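Asks: Model the following, please.
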Amino acid sequence: MNEIGIFNETEETIDLEALRKLMEYATEKENIENAIFNIIFIDNEKIHKMNKEYRGIDRPTDVISFALEDDDTCIQIEDTPRMLGDIYISTEKAKEQAEEYGHSFKREISFLAIHGLLHLLGYDHMEKEEEKIMFERQELILDGFGITR
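Replies: Now for the predicted structure:
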């Protein structure tokens, strides 16, 4: 069983139970068992500070993932949960992007959460081929759960 912490530090209304069900579906699709990760909703000001401090980019972004298995310092002890990391999502950026892309806020939040989870699992989109794999996986999960554009 996975432990998925979902925390809303904003005033935005988010269906946290629906998001939990999506993330449970996604972890099942990715064959993830006995893992722990968090999704934290924050505002543009907080994500801007994080983006500047950790990525050297002086502007707000939509999602930042802090994967604990990104390097060799992570030690997995048998029969203990995998600590995947944390996903931070800006609700303000999500609203902007939902409007820009012409789909719902729920769809955008769902997309960003899946995107963040895939980063925690080691997916990336720095190279064209990696991007193709990651984005196909995102759409497969979202479509399979019934969240379409």
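
Asks: which residue ranges form the strands in the chain?
Replies: Counting by DSSP state E, one finds strands in the chain at the ranges 3-8, 35-42, 63-67, 82-90.

Asks: So which of those strands is the most surrounded?
Replies: Among the strands of the chain, the stretch with the highest mean neighbour count (mean count of other CB atoms under 10 Å) is strand 82-90, at a mean of 23. C-beta here means a position set from N, CA and C on the backbone, and glycine is covered the same way.

Asks: so for that one, what's the average pLDDT?
Replies: Per-residue pLDDT over strand 82-90 has a mean of 95.

Asks: okay if I get the strands of the chain as a markdown table plus distance to Glu129?
Replies: What follows is the strands of the chain, written out as a markdown table (distance: least, CB to CB, whole Å):
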| stretch | distance to Glu129 |
| --- | --- |
| strand 3-8 | 29 |
| strand 35-42 | 26 |
| strand 63-67 | 20 |
| strand 82-90 | 24 |
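
Asks: Mind checking the ones you listed for the one nearest to Ile57?
Replies: Within the strands of the chain, the stretch nearest Ile57 is strand 63-67; the backing value is 9.9 Å (CB to CB).
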